[in-house]
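Asker: Generate a structure from the sequence data that follows.
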Amino acid sequence: MEFRKFLKEHIWFIVFIAILISFGFPEMGLPLEPYLPYLLMGLMFFSCLNIHLKDIFKELKVFKDEAMTLGIIHLVSPLFVLLLKPFLSDELFLGLIIASVMSSGMSVVFLSNLYEGIASEALLITSLSNLLSPISVPFLVFIFARTSIAIDPIAMGLTMLKLVIVPLGLAM
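Answerer: Reported below is the predicted structural model:
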């Protein structure tokens, strides 16, 4: 069995084992922490090798689908957490609200590419989600949790530039 097919069929198990190991032995990942941005940039670079700019612009023409996807990502999860509020402590509720309204992770592009999805659409949705996050995250946390949080939009923008734009530009 070729490695790519094996990875596709068993990625859930690999991710599950990685989560278990990280919770059980968090200190194992500490030596990698300084290299994490570079590892993420490499992941993004290899994920973008099959993406063409014309595909991204083509996806922008049907923005209705992306808007609906962004709505699902940023509204359905916090609504679900809101339903669970009576069963959660205030701290856990706030943590889940923050986690549920955060922008979609860049790993979406990698997973889309891995499973032969539309990587350009995943990149567009993730990029839009990240671009909107300095405004959407504090707003949605306030709406759902009735509390405010501070976010540094310049630092978020620089991180997105480093982790998304540079690898995408190199891949093109």
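Asker: from here on, contacts and neighbour counts on C-alpha atoms
Answerer: Will do.
Asker: which non-adjacent residue is nearest H52?
Answerer: Once its chain neighbours are removed from consideration, H52 has its nearest residue in M172; the separation is 6.9 Å (C-alpha to C-alpha, 6 or more residues apart in numbering).
Asker: Just confirm that neighbour contacts L49, I think it does.
Answerer: Yes - the criterion here is C-alpha atoms under 8 Å, and M172 meets it with L49 at 6.9 Å.
Asker: for the chain, longest helix please?
Answerer: Within the chain, and with DSSP state H defining each element, the longest helix by residue count is helix 119-145.
Asker: what's near enough to touch the residue lying closest to L49 once chain neighbours are set aside?
Answerer: Taking C-alpha to C-alpha, 6+ apart as the measure, L49 lies nearest to A171, with 5.0 Å between them; neighbours along the chain are not counted. Shown in contact with A171 (C-alpha atoms under 8 Å, 6 or more residues apart in numbering): 45-46, 48-49.
Asker: and what of D55?
Answerer: Residues in contact with D55 (C-alpha under 8 Å, 6+ apart) are S120.
Asker: Flag every buried residue along the longest helix of the chain.
Answerer: Along helix 119-145, the positions that meet the burial threshold by neighbour count (16 or more other C-alpha atoms under 10 Å) are 119-131, 133-134, 136-141, 144-145.
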